[in-house]
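**Q** Got a predicted structure here, sequence first:
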Amino acid sequence: MSDAFVRRAQVGAAPLMASATVAGAFGAHALKSRLVPGDYELLHTAVQYQFIHSLGLLLLGVLAEHRMQRGLRLAGDLLLAGVLLFSGSLYLMLCGAPRAIGVLTPIGGACLIAGWGVAVCALLRRARATEP
């Protein structure tokens, strides 16, 4: 496991969590009265997924420091791509991008699901390798 991944995961998670905080606060205070209910729910979904998966990315970075597994790196990269594609496409649509950008949302969701699946496999593989 390269130090570059650990650094990317740990340092990358912090601005993702900070920007989710900003987006959530901005949405709740400045945009709530201006957005139609469906768009406000879309913003809430983007922020929620960004927070959860950014924390997961941070956790994978911490685990990668100790476990040194290629699977954890792949899982983290998939989570990062998933957050950018899933939440990013929702934010772009809320900012007026063409609805066609929404094709990226399920691709991002698939990256998130795949990332957690790869993480499970990597962690199970490691657990089996350390069993007596």
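**A** Everything's here; your move. Numbering: from 1, shown residues only.
**Q** List the buried residues in the longest helix anywhere in the chain.
**A** Determined from DSSP state H, the single longest helix within the chain is helix 37-67. Neighbour-count burial for helix 37-67 flags 40, 42-44, 46-47, 49-51, 53-54, 56-61, 63-64, 67 (criterion: 16 or more other C-beta atoms under 10 Å). Where C-beta positions appear, they are placed from N, C-alpha and C, glycine not excepted.
**Q** quick one, what contacts Gly61?
**A** Neighbour list for Gly61: Phe5, Val6, Arg7, Arg8, Ala9, Gln10, Ala13, Gly76 [criterion: C-beta atoms under 8 Å, 6 or more residues apart in numbering].
**Q** Select from these the one having the most neighbours.
**A** The most neighbours of any of the contacts of Gly61, using other C-beta atoms under 10 Å, belong to Gly76, which has 29 neighbours.
**Q** my guess is that residue contacts Ala4, does it?
**A** No. Using C-beta atoms under 8 Å, Gly76 is not in contact with Ala4, being 11.3 Å away.
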